[in-house]
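Student: next input, structure requested:
(chains A and B)
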Protein chains: 2
Amino acid sequence: MNAEEFRRSGHQLIDWIADYQNHVEQYPVMSQVSPGKIRAKLPAAPPSHGESFDAILRDVDEIIMPGITHWQSPNFFAFFPSNNSGPSILGELLSAGLGVQGMLWSTSPACTELETHVMDWLVDLMRLPPAFRSTSTGGGVIQESASSAAVCALVAARERATEGRTNRFGADGTLTAYISTQTHSSIEKAVRLVGLGSDNLRLIDVDERFAMRPERLAKAIRDDRAAGRRPCFVCATIGTTSSTAIDPVRRIGEICRAEGLWLHVDGAMGGTAALCPEFQPMFDGLELADSYCFNPHKWMFTNFDCDCFFVADRASLIRALTILPEYLRNKATESGAVIDYRDWQVSLGRRFRSLKLWFVLRCFGVEGLRERIRRHVALAGELAEWIRRDPRFELAAPVTFSLVCFRHRGGDEPTQRLLDALNGSGKIAVSHTRLDGKLTIRFSIGQTNTERRHVEAAWQLIRQFADA
Amino acid sequence: MNAEEFRRSGHQLIDWIADYQNHVEQYPVMSQVSPGKIRAKLPAAPPSHGESFDAILRDVDEIIMPGITHWQSPNFFAFFPSNNSGPSILGELLSAGLGVQGMLWSTSPACTELETHVMDWLVDLMRLPPAFRSTSTGGGVIQESASSAAVCALVAARERATEGRTNRFGADGTLTAYISTQTHSSIEKAVRLVGLGSDNLRLIDVDERFAMRPERLAKAIRDDRAAGRRPCFVCATIGTTSSTAIDPVRRIGEICRAEGLWLHVDGAMGGTAALCPEFQPMFDGLELADSYCFNPHKWMFTNFDCDCFFVADRASLIRALTILPEYLRNKATESGAVIDYRDWQVSLGRRFRSLKLWFVLRCFGVEGLRERIRRHVALAGELAEWIRRDPRFELAAPVTFSLVCFRHRGGDEPTQRLLDALNGSGKIAVSHTRLDGKLTIRFSIGQTNTERRHVEAAWQLIRQFADA
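Tutor: Residues are numbered from 1 along each chain as shown, chains lettered A, B, ... in the order given. Model (predicted):
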């Protein structure tokens, strides 16, 4: 495919995507295929000689599309959103087209400098702690996901607690970490991965709003110290996965400061709300965090992957993650005047992901982003009110951002039937969790183009299935 | 940006990229900016209200482009290639446009099934061990990078060696791992990350071809056992970073089998050569590996990120990495009939990366890919021959794939001057390493569009600077 063929096929694919955006509501939201059905339509071997792009695009329509669950449908209310938007798609396209490696400043200076700049923009815009700015002691970096960010935070915490001895001699089974019963599973995965062991992870109880009880955290730390363990890491969450509960970050942070523990704050979903001044109080206490992340690839209209990870003290992160072999040495690195983001992440290679964030911020404008966030939060409030007024349903948790958790008052069985009916209808997608041991439907509002009419129609559907 | 605005801006950006492809040779290959110069041109805050895509594209030209090192120039010979191509860019674009999450089979069945299918294609095409096929005991998965693949391999090895006890109780500082002095730094980084400790990593000596000495490996394992350590992991490389040396995988694999160690084979760069039957003998012994990876995002014209990671026994990988919280439970997973790739990687989220691999395989066709690989290998052979005949230079290592390592016979000083002159010229980019303690220029041929004329012109330039 030469440049002119690329031009032709590229126009064709752009049109295909624009048409998809226009028609996305016509598809069943959740793919209804059964296992193996897509594979069965694919040939046993790739072609010996090149095929036309037309043929490929035809197979996308005929083979791939029936196996797609439409995360970009405004009727997608499952899990958390994983948004895209026009500008983010184009940012990703430009990143692929330039095809640069941003592992070192010197391997493409713009890739590093734009990322640093946009991350600093976000610190100011969201009123994040000034220490997170690259011009202070910390800085921000784009990670693949909140899971990757957690791994980096945990390794930095581990090395700070052991003064670099774990990197050198290995873990010794004495370090302990703390999360709540509601913390995302990626933290437990990270605790295993970095060699701490899940038996050394304490699951702290939550209150009736599903927020971590700080006094229980303090007690767990005391108990561990008394037993000769070495507490090193706490993860608090602003917007938990099950119910978007908000842990009391300030009180947790005070405990961490007093005890010398690393505080990581996971704002994967909730974080984007800090774009709006009126939601910034929900982030109270963040200046006590050693690290923080949120995902523009969830609710900030920037396609996966784009997790923004900030640290207050970049030196401890870099110390934990750096290795400099001869083949990566260069004058810019040795000058100390540049950031080499390979030292801020697990992988060596990295692509130019800040382009899509830059495109999104500029095309939407700050007010354009805020308008959408406010709309989603308001819609969640409305839906919660409708649910509250319907005697068949109950809310299962407070609505903090744009997730509504509810269930049928008849218990798990009618709730399960409702869940299956909704997802089987093809008209909307929702997901589930358990809160207080009870099956709960998660209705998450946040797709880029979700408007009032979509939530209204979904509510009609919920009532209709509950009637049946 | 609505669908029609996206269509217009998308066409504009496709044209921009096609023009870039046409003109890429006109840019200085390595960016010549100094630290901070790009940032200084960016405004202190993002705009309040949305800007036009025209304005953004203008800033790409004026602000970003001077800070780009052109990895997609056919005159880029530094590091290893990090290729793209028309079909891969379009595959990435479609992935961004669909914006699906492939964490579970059920969250978009096509995303999982196409990936499994394409990975199986590669097993057949490259004559990889049949156990790597998803229809056997193993399977393939796309990872972000060889670094991520190494982390997964190492955790699987660690858990197999300790029967899952490390995930539960933490590492205990007794496990040991083995690489050569030439192994990529990502393995040492992974060894630290997973809590083994770099003091428990043995760097095995290499022979005069920079390949691991298996008898030294066997001795190191014996010594460790005698000292009460628990050897668990070996990484062999097919195409090391400094010189593309090939470790004796069969002999290393026999030792690993006899001793019960996990063998991971890193073919990040060399791996793509297995597309050609005549290079498949270089992969002899791979059926003794527990895991293997290679990077289509290096030499297979598929833009970063796309690392293909294969395991012979998927159960040990999944056991080491799985966690199933309530909010991810679903009927397809419980049926056991599907693959959930979140259990094959560190992150939970994942995008539809197999699209670009599928596009590349179909648009190039297998013969189209082979033709380019053969051309690059032949060009490296020619360049090596020219160097051999010039009394001022010496080859620093055998040429195995498409990397030529050479130096000035006058020693480090003239070699450094030549390196600086070449990169400062803007006409080509090369990088460096140290082999046998001596500064060495790495001339890596592998950009998608590199032809004989580019290598000839580079050789003229090398001779010209050496004359001066």
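Student: how is chain A divided into domains?
Tutor: A:3-70, A:100-351, A:365-467 (automatic domain parsing).
Student: look up how far A:Tyr178 lies from A:His222.
Tutor: If you look again at residue A:222, you'll see it is Arg, not His. Shown here: A:Arg222 relative to A:Tyr178, a distance of 12 Å by CB to CB, to the nearest Å. Quick note: C-beta positions are derived from backbone N, CA and C, even for glycine.
Student: and the two? Which one has more around it.
Tutor: Neighbours around A:Arg222 and A:Tyr178, counted as other CB atoms under 10 Å in any protein chain shown, are more numerous at A:Tyr178. The numbers are 28 against 12.
Student: which strand residues bridge the more buried one?
Tutor: A:Arg202, A:Val234 (DSSP bridges).
Student: hmm, it is touching A:Pro231, no?
Tutor: Yes. Using CB atoms under 8 Å, A:Tyr178 is in contact with A:Pro231, at 7.0 Å.
Student: picking that back up, buried deepest among the domains of chain A, which one?
Tutor: Of all those, domain A:100-351 has the most neighbours on average by mean count of other CB atoms under 10 Å in any protein chain shown, namely a mean of 22.
Student: any idea how far that domain is from the chain center?
Tutor: What separates the centre of domain A:100-351 from the centre of its chain is 13 Å, taken as CA atoms, centre = their mean, to the nearest Å.
Student: ok, stretch A:70-83 next?
Tutor: In terms of CA atoms, centre = their mean, the centre of stretch A:70-83 is found 13 Å from the chain centre.
Student: can you tell me how far A:Ile38 sits from chain B?
Tutor: Plainly put, A:Ile38 is 4 Å away from chain B if you go by CB to the nearest CB, to the nearest Å.
Student: list the contacts of that residue.
Tutor: A:Ile63, A:Ile64, A:Pro66, A:Gly67, B:Pro109, B:Ala110, B:Glu113, B:Leu114 (CB atoms under 8 Å, 6 or more residues apart in numbering or on different chains).
Student: which one of those is nearest to B:Ser425?
Tutor: B:Leu114 (43.4 Å; CB to CB).
Student: doesn't B:Trp358 make contact with that closest one?
Tutor: Yes. Counting by CB under 8 Å, B:Trp358 is a contact partner of B:Leu114 at 6.1 Å.
Student: got JSON lines for the contacts of A:Ile38, with secondary structure too?
Tutor: Converted to JSON lines, the contacts of A:Ile38 look like this (DSSP: H, G, I helix; E, B strand; the rest coil):
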{"residue": "A:Ile63", "secondary structure": "helix"}
{"residue": "A:Ile64", "secondary structure": "helix"}
{"residue": "A:Pro66", "secondary structure": "helix"}
{"residue": "A:Gly67", "secondary structure": "helix"}
{"residue": "B:Pro109", "secondary structure": "helix"}
{"residue": "B:Ala110", "secondary structure": "helix"}
{"residue": "B:Glu113", "secondary structure": "helix"}
{"residue": "B:Leu114", "secondary structure": "helix"}
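Student: in TSV: those, plus distance to A:Thr241.
Tutor: What follows is the contacts of A:Ile38, written out as TSV (distance: CB to CB, whole Å):
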residue	distance to A:Thr241
A:Ile63	33
A:Ile64	29
A:Pro66	29
A:Gly67	25
B:Pro109	23
B:Ala110	25
B:Glu113	26
B:Leu114	27
